[in-house]
Each structure stands twice: as structure tokens, then as C-alpha cells.
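[1] let me see the structure of the following:
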Amino acid sequence: MRSTRTHRAGHLLSAALVSASLLLLTLPGGASAAGPAPASAQLSAPASVSASASVSAPVQTGAQLAASWTGPLSTRGRYVVDAGGNRFKLKSGNWAGAQGTYEGSGDVNDVTNHQADQMSGNIPLGLDRTPISRILADFHELGINSIRLPFANAMLHDSTPVPDAAVAANPGLRGRTPLQVFDAVVAALTADGFAVVLNNHTTYYRFCCGLDGSERWNSGQSTQQWIDDWLFLVDRYKSDKRVVGADLRNEVRRDTWDDPNWGWGNEHDLYKALEEAGNRILQLAPDLLIVMEGINWQGIPQGMFSHGRPTLTPVRTLSHTLIDSGKLVYSAHFYGFTGPNHTGASGGWQNGETNDPRYRDLTPEQLIQVVDDQALFVTTAGQHFTAPVWISEFGAGSRSTDPKDRAWWKNFTDILVRNDSDFAQWPLVGWSRPTGEANDDWALVNYDAAGRRTATVGDPADWRSADWAKLVNAPGRTGAIPPTDHWNMLNLDFGDQNLSRTMLARGDWSTGNRKGNCPDGQRLTGLGRSDSRGLCTDARRPGTAAGTGWTVVTDERFVNRGDWASGYNKLQCPDRTFAAGYAVNGNAMAALLCAPADRALPVTGRTVWFDRGDNRPATGGSSASDWAPGHYKGQCGDDEYLAGVGYTWRWSHGGVPDVLLCRPLN
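    Below is the predicted model:
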């Protein structure tokens, strides 16, 4: 979300934040952006992508769009696919309004105190002036196939009917609450063929940013309330297979005193909150995509303090694992007026501005590198973090005459085209004045008070039009996407990570210990030494046999085919089972969880020692990524299964895993 007041700085941290934060005697450690990494091959700065000569996007009717894909959606590697396994590229826009438009000061009933002088009534913008059927027809004309639909938590608890004026052009919605209007919008969109991704944008009806009460998922509410709200909403729409995703939280950032973090295990841990919410949602509504955005801002925006926009950089070494493989989508936001270490504010450090470059200040080559480092690296195949990346917010204003803004829009859309990226522009709908000028010139479609469409990105006078057409008409991967192998992390740094539906239904399998298990259909293939991290895969399977047969191993009773780690304690799975989870006490091995295979497995094997260095396959197996940074890792080959773990309490080893027993799958 971006503000449209004087500095267009939706991501800024206000002067109040800066001055309050300077009072801190000790500062929480803000993770800085990761250092440069090689850009993805598809981002290797070729000649600029040329815009289409036509400014017209391909237009589908609702019936044509509905016939072109079947829900639900899932993922295969870096691609989103429909129920038939065919690529479904998210070509999206943000239909804003239900997150609130009040900017937080002055009379809430005064339209001038709302974003761009637009008062939504806490429902999607435009319903006061244009019939919803016309709005959807205009969406089709833009060439999009999906809608990111923001909402506030407040909407779910608001029993006050919307004012009649807010739905004047849609009188059938009179007397309804904001949530009931939201219901009607969702139903209309999906009936017209659009995929809908629900986006938890704000806690309160307030637009936007800095210290607005919506800094974190648990600002103004508990984490449990946030998750409960999500469960309420997804239960409401789970029968509609064109409601395809839950975008868990928008632009998580620092509040006055505290930074969000990625993996610290406390109440400000975004990594932990996203995974908990995502897995709870999938237990209720397993068809949904789970969309996770990285940290939008950490630190105090002043030169002497660490500060920056981590975005998805922490995913390189700490990615998420969901109970259903193929449901995770990562997302990121990029605006020209912000930067990797720039809040987007203007007016000096007192207003939250830093001297760091904005994205629009970067050369095309620098921008390619930064966008890859902060987000698009996640699309690299065969890694523990591999997933689609949805650029779920970006945009530019049609009235800008700044050459940097125009270059930014062109260069950034070039990157999206070159990478064949999923995208969602911000925002879709705005109002226009009696003169025909848009209130919010970032909107792609604008309507005047009489309901006439007065401006659209397709108009020749809109300088964004050619690059928008380039984007929605861009060639890209289409058709069937073959199933792909997964590698996923287990992270027991601060607690359990039970990801098997089978074992979740059976309760605590290693009382008093931290425990993790792979999603059903995956097996344990690697362990970190002294850090309790693990790696799962479904490469070359085997499948898991139905019914009973899961075994928790805490001693050497199944070591019956020779001593494969002399002098070491060994936890070994019974024959015809494979390791699917483990438990630790501290970082010491406590138990091994063994799942029954759907076929007989070879019982010969090899030992993989990793007490003095990494011992991982040279190729395959997430080999280009580090899932246990700073610690030795042992890992079986993609054509092997992990059958045992050895450890010792001698020589101050502390019972951490030192050796794996790896056996061939065939």
C-alpha cells in the first residue's frame, strides 16, 4: 500500500517513530539486507524489453476467463498451476478500499481526511458510483485474471451497515455490513472468472503506514485473534474454488519500539507467525494458496542506525514448510520512491527519510541485481526455498513528469517480463474529479461521480499504457507444468515443527522434546550438526503406506545389520521404514520418527559423516542453498533414504548428530 499525500511515501516511518526510537538505550538487532548474490539467469540484463506497439490488452469476457482455468490453484516449482496442472500466471490488480481509507487525523466523515480524497466506506472503491458489472468489465479490459482483495480485521467484526451513499450505484447492497458487501464482491468476481486472493492488509480501517496501528499482524490484536479471523474468513469462502489464496499480512514493519524479526521465536517473529497461520488455514481449507510477504522495514531510518527493507532475503537460509507441499507463494512489494534502505519518505531524517538510494535511482543493471537479491532468487529451481514469487504491489502515477519515475516503471516492468513474474499492480480503482483528472493517478481505472469512466491505463494519453500492455501481453511459460521434486526445511530452533497431517492427528510423539516431522509424502534426508535444522524431500519418493506402522525410535533395538558407526549411539529405523522426523533435547538427538514405506526398501547402505565438515551431494538436493548456516550438514543423496542417525556424548560432542545411515531407494 502506498500513501498519496505530499510525499507519496506509503512505507515511510513517521517523525514520531524516529524521535521515539532515538530514545532507546538498547536497540533490538535489525537484520540488514543480505549481501549481493548472483542474479538469476533469467535476469541477466539483456537489452531492454520493448513495449508492445498496441496499448490494448487481450480482453476476455467473464465466461471466457472462467473457461480458461479450473480451481483450486497450487504450485509446481516456481509456477502457480490450476487444477489441471496448467500454468496460471497471476496477472493481478489490487482492488483496494475494504482495508480502510481514513488517514488517521481529523473528522472521519470529511472526505479530505481520506486517501487521495477518496472515502471507500470500508468496502472496495467505486461501488458508490459504478455498477459492479461495469467495474468487472473494465477489469477484463485491463487484461488481468486475478484480484488481490485487501481487507481490515475490523471489517470482520463490524456490524454497522454501510452508508447508502457508499453503494449508491449498487442499490442491492444497501443495508449490508462491510463484510456482507465484501461477500457480494467476492461472489461477483469469482462468478466472472477472476481468481481472488484475500489479503489481510490492516488491523483497523486506516490508510496507511508508519505508526498506523497495523505495523504487525499482532498490532492492536493478539496473534491468536489474527489467526482466528483468518479461519473465520477462509471458512466463509472455502467452497468457492476461485477464492484461491490467503495473503497473510501486508507490509510488516517496525512500530515505535520494536522490529519484526525472522526466526527469533518470540512474539515479533514474522517467520513463526506466518507458518503457524498458514498451517492452521490449510488444516481447515487445504485448497488455498498461502501467500507470505517478507519484512517490509526494520530499524530506525537514520544514518547512524541499522535500517533497511529485508523483503525476502531471510528466506535464503530460513524458508517455510507447509503441511501441504505445493501451496506456498512468496510475495514482495517494490515502489520507485522506496529503496532497499530507503523508507520512501521525503523531507529529511526528521520525517523518516534517509540518504540511501531509492529504487528509481538505480541503474537498470543495479535494479535487476537488487530485485533478484531481495525477491526473485526464490524462483531458483530445486532449493529449500523454491516457490513462486508474486510481486503483489508495484505502481507509478500517471501524472508524474519525473524522468526517474518513468524510467523506473519501464525498467521494473522489463524485469517482470524478463522473469515471467506473477504480479499485482496497486491500485485498480480510483475516483476522478469533475475535470476528469484522477484523484489517485496511480489507479488503472477511474470513475467520476456520475459513474463515467474518465481515465484508464489503456488511454493513449497515459504514459504507462505501452509498458502495461507489454506486461500483460508478455510471452511466458504456458500449458502443462510437470510435477517437481520438493526440498523443505525443518526448523526446531525454538519449538516444534510438526508438519505431517498423520502425526498431527496422533498427538505428542516425543514428550518434553522439540520435534519436527516432514509433510506427508516427504522423508528426512539431511540434518544439521548442533543447530537442530533438518531437510526433507520427496525426490524419487517412496510413498508412505496407509494406516499404522509409524515408529518412534529412542534406542538401538533396530540396529540388526551390523555396526555402521562403531562406538556411537545409533537411532535406526526398522526395515521397510524411512526417517520422516526427529526430536531433540537441546541440540542432542532424542528420537527418530520412522514412517512405513509403501514397498520394500534396500537394507544395504553407507555412512555419511559430518562431524568435521559438510557432507552433502554435489548436485541435486538443494545443493545451491544453505538450510543450516554456520553448521556442518550431513545429507543423503536424492536416490537414497535416511535410515539412521549416529551421535556420541564423548569428546564434548554433546549428543548432536555426527553421522547418517543412507540407504538406496532402489
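[2] okay, CA-based contacts and neighbour counts for the rest of this
    Noted.
[3] so where does residue 139 fall, helix or strand?
    Element membership for residue 139 (DSSP states H and E) is helix 132-142.
[4] just the buried residues of that helix, please?
    Along helix 132-142, these residues count as buried under the neighbour rule (16 or more other CA atoms under 10 Å): 132, 135, 136, 138, 139, 140, 141, 142.
[5] show me what the helix or strand that it is followed by pairs with in its sheet, parallel or antiparallel.
    Reading on from helix 132-142 to the C-terminus, the next helix or strand found by DSSP H and E is strand 146-152. Strands that pair with strand 146-152, judged by DSSP bridges, come out as strand 91-94 (parallel), strand 195-202 (parallel).
[6] so what's the residue positioned nearest the centre of the chain up against?
    Ranked by distance to the mean C-alpha position of the chain (CA atoms, centre = their mean), the top residue is residue 292 at 2.1 Å. Applying CA atoms under 8 Å, 6 or more residues apart in numbering, one finds that residue 292 lies in contact with 247, 248, 249, 274, 328, 329, 330, 331.
[7] then it would be within a strand, right?
    Yes. Secondary structure assignment places residue 292 in a strand (DSSP: H, G, I helix; E, B strand; the rest coil).
[8] ok, it to residue 664 distance?
    Look at residue 292 and residue 664: by CA to CA, to the nearest Å, they are 36 Å apart.
[9] same question for residue 84.
    Here the criterion is CA to CA. By it, residue 84 lies 33 Å from residue 664.
[10] same question for residue 494.
    The span separating residue 494 from residue 664 equals 33 Å under the rule CA to CA.
[11] now the residue of the chain most remote from its centre: which helix or strand?
    Summary for the chain: using CA atoms, centre = their mean, the residue whose C-alpha lies farthest from the chain's mean C-alpha position is residue 562, with a distance of 46.7 Å. Counting by DSSP H and E, residue 562 is held by no secondary-structure element, helix or strand.
[12] likewise the one 5 residues further on?
    Here residue 567 sits in a region with no helix or strand, counting by DSSP H and E.
[13] leaving out sequence neighbours, find the closest residue to it.
    Nearest residue to residue 567 in three dimensions, chain neighbours excluded: residue 648, at 7.9 Å (CA to CA, 6 or more residues apart in numbering).
[14] so that neighbour touches residue 568, yeah?
    Yes. Taking CA atoms under 8 Å as the definition, residue 648 is a contact partner of residue 568 at 5.1 Å.
[15] model confidence for residue 337, exactly?
    The score at residue 337 is 96. That number is its pLDDT.
[16] who's the closest spatial neighbour of it, skipping the chain neighbours?
    The shortest distance from residue 337 to any non-neighbouring residue, by CA to CA, 6+ apart, is to residue 344 (5.2 Å).
[17] name the helix or strand for the one you found, please.
    With elements taken from DSSP H and E, nothing contains residue 344; it lies in neither a helix nor a strand.
[18] state the number of residues packed around it.
    Taking other CA atoms under 10 Å as the criterion, the count of residues near residue 344 is 27.
[19] I'd say it and residue 353 touch.
    Yes. Taking CA under 8 Å as the contact criterion, residue 344 and residue 353 are neighbours in contact, 6.9 Å apart.
[20] show me the contact partners of stretch 535-547.
    Counting by CA under 8 Å, 6+ apart, 384, 485-490, 518, 520-527, 580, 595-599, 621, 627, 638-639, 665 sit against stretch 535-547.
[21] give me the mean pLDDT for it.
    Computed over stretch 535-547, the average pLDDT equals 90.
[22] ok, stretch 598-606 next?
    Confidence over stretch 598-606 (mean pLDDT, whole number) is 95.
[23] pull the CA atoms of that stretch into CSV?
    What follows is stretch 598-606, C-alpha atoms only, in CSV (Å, rounded to 0.1, in the frame of the first residue of the first chain):
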residue,chain,number,x,y,z
ASP,A,598,4.7,-48.5,0.5
ARG,A,599,7.2,-51.0,-0.8
ALA,A,600,10.2,-53.0,0.4
LEU,A,601,13.4,-50.9,0.7
PRO,A,602,17.0,-52.0,0.3
VAL,A,603,18.8,-52.5,3.6
THR,A,604,22.4,-52.0,2.4
GLY,A,605,23.8,-48.6,2.9
ARG,A,606,26.6,-46.2,3.5
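[24] more neighbours, residue 494 and residue 664?
    Each of residue 494 and residue 664 has its neighbours counted (other CA under 10 Å); residue 664 has more, 18 against 14.
[25] on that earlier part again, any of the contacts of stretch 535-547 buried? List them.
    Judged by neighbour count, with buriedness set by 16+ other CA under 10 Å, the buried members of the contacts of stretch 535-547 are 384, 485-490, 518, 520-527, 580, 595-597, 621, 627, 638, 665.
[26] so of those, which ones are in helices?
    When DSSP state H defines the helices, the subset of those inside them is empty.
[27] check which helices and strands the top helix by length along the chain sits against.
    For the chain, the longest helix by residue count, based on DSSP H, is helix 403-419. Based on contacts counted as 3 or more CA pairs under 8 Å, 6 or more residues apart in numbering; DSSP states H and E, the elements that helix 403-419 packs against are helix 364-374, helix 465-472.
[28] just the buried positions in that helix, please.
    Across helix 403-419, burial judged by 16+ other CA under 10 Å covers 404-419.
[29] before we move on, what about stretch 449-459?
    With burial defined by 16+ other CA under 10 Å, the residues of stretch 449-459 counted as buried are 451, 453, 454, 455, 456, 457, 458.
[30] can you tell me which of those are in strands?
    The members of these that map onto strands under DSSP state E are 453, 454, 455, 456.
[31] pretty sure the last one sits against residue 445.
    Yes. At 4.4 Å, residue 456 and residue 445 qualify as touching, with contact defined as CA under 8 Å.
[32] reformat the strands paired with strand 146-152 as CSV; add mean neighbour count.
    Putting those into CSV (neighbours: other CA atoms under 10 Å) gives the following:
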stretch, mean neighbour count
strand 91-94, 26
strand 195-202, 26
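[33] who wins for proximity to residue 392 among those?
    Between residue 392 and the strands paired with strand 146-152, the tightest spacing by CA to CA is seen for strand 91-94, at 7.9 Å.
[34] residues touching that closest one, excluding its own?
    For strand 91-94, contacts defined as CA under 8 Å, 6+ apart pick out 143-150, 392-393, 422-428, 472.
[35] hmm, 7 Å instead?
    Defining contact as CA atoms under 7 Å, 6 or more residues apart in numbering, one finds that strand 91-94 is touched by 144-149, 422-428, 472.
[36] that older thread, what's the burial count for the residue nearest to residue 567?
    19.
[37] contacts only, for it.
    Counting by CA under 7 Å, 6+ apart, the residues that residue 648 touches are 568, 569, 654, 655.
[38] same thing but at 10 Å, please
    Contacts for residue 648 were tallied using CA atoms under 10 Å, 6 or more residues apart in numbering; they are 567, 568, 569, 570, 588, 589, 654, 655, 656, 657, 658, 659.
[39] go through those and flag which are in strands.
    Taking DSSP E, the ones among the contacts of residue 648 that sit in strands are 569, 570, 588, 589, 657, 658, 659.
[40] touching, the second one and residue 607? I think so.
    No. In this structure, residue 570 sits apart from residue 607 without contact. The criterion is CA atoms under 10 Å, and the distance is 11.9 Å.
[41] please, where are all the helices along this structure?
    Along the chain, counting by DSSP H, helices occupy 15-21, 62-67, 132-142, 153-156, 178-191, 223-237, 270-284, 364-374, 403-419, 465-472, 501-504.
[42] how about those in CSV, adding distance to residue 312 and mean pLDDT?
    Formatted as CSV, those follow (distance: least, CA to CA, whole Å; pLDDT from 0 to 100):
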stretch, distance to residue 312, mean pLDDT
helix 15-21, 24, 39
helix 62-67, 32, 97
helix 132-142, 29, 97
helix 153-156, 25, 98
helix 178-191, 29, 98
helix 223-237, 22, 98
helix 270-284, 11, 98
helix 364-374, 5, 98
helix 403-419, 17, 98
helix 465-472, 23, 97
helix 501-504, 27, 94
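[43] low-confidence ranges, the protein, go.
    The chain contains residues with pLDDT under 70 at 2-58.
[44] residue 117 is nearest to which of the strands paired with strand 146-152?
    For the strands paired with strand 146-152, the distance to residue 117 is smallest for strand 91-94, at 18.3 Å, taking CA to CA.
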